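> Pasting the sequence and the predicted model now:
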Amino acid sequence: MLKKVRIQIITDRYEVQGSLYDAPTAPALFEQPAPEAEVEHTETTVEGRYHDSGDRISIGYKETELSGMEGSSTSVSFQKSAPAIVSMLRDGSVKTALIFERGKRHLCVYQTQIMPFEVCVFTKRVDNRLETEGTLEMDYTVEIRGAQAEHTRLLLRVLPVFDSPSHS
């Protein structure tokens, strides 16, 4: 089943001290913002698609200027048999495949127009209720090797599409 939806995306991000490469499971990375860090809060709603293939659910949408990845498409998906393991694929101006799994560290690649970068993702929490309630909450830290680590709290909410009024 494929249907059009609206997708509300709410994020809180801030830089954190330390490195996922040096201390892959350090809890301090989730609790302590860097001294100069400010929380960047964003909320956006985009049109997208919700696809339930029977064994896999996928939500796709185009990135906006607000995300800093305009020109890219994002797909968030998971196997129904393993809803706590979520993958996020981006294609377009930047390309990446990130894996979010509670308590696990995954090394991924972030492909830019200039060159690829290694990315480390450590996920503290995945609360996936997309199939039952239309929400996905994740709490994770991402670090591009050689750059400041960034902690993100993400809420993704699937909403119905507003029908346009009919003209008689």
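All right, it came through fine. Numbering: from 1, shown residues only.
> Contacts for stretch 80-97, please.
With CB atoms under 8 Å, 6 or more residues apart in numbering as the test, stretch 80-97 has contacts from 55-57, 63, 69-79, 98-102, 108-113, 119, 126, 128, 130-131, 136, 138. (Each C-beta comes from the backbone N, C-alpha and C, glycine too.)
> For Arg56, list the residues it contacts.
Here Arg56 is in contact with 77-80 (criterion: CB under 8 Å, 6+ apart).
> what's the pLDDT at it?
Looking at Arg56, its pLDDT stands at 97.
> what about it, distance to Ile85?
12 Å (CB to CB, to the nearest Å).
> thinking again about what came up before, in strands only, show me the contacts of stretch 80-97.
56-57, 73-79, 98-101, 108-111, 119, 126, 128, 136, 138 (DSSP state E).
> ok so, going back, most neighbours among the contacts of Arg56, which one?
Phe78 (21 neighbours; other CB atoms under 10 Å).
> shouldn't that residue be in contact with Met138?
No. Counting by CB atoms under 8 Å, Met138 is not a contact partner of Phe78; they are 11.2 Å apart.
> and Glu15, that's in a strand?
Yes. Counting by DSSP: H, G, I helix; E, B strand; the rest coil, Glu15 is part of a strand.
> so it touches Ala149, yeah?
Yes. Glu15 is within contact range of Ala149, at 6.9 Å (criterion: CB under 8 Å).
> More neighbours: the two, which one.
Ala149 (20 against 17).
> my guess is the more buried one meets Tyr140, correct?
No. The pair Ala149 / Tyr140 is not scored as a contact, 10.5 Å apart, by CB under 8 Å.
> Could you tell me how many residues sit around the closest residue to Ser72 other than its chain neighbours?
Closest residue in space to Ser72, ignoring its immediate chain neighbours: Gly92 at 3.4 Å, by CB to CB, 6 or more residues apart in numbering. For Gly92, the count of nearby residues is 13 (other CB under 10 Å).
> cool, Thr152 as well?
Residues near Thr152, counting by other CB under 10 Å: 15.
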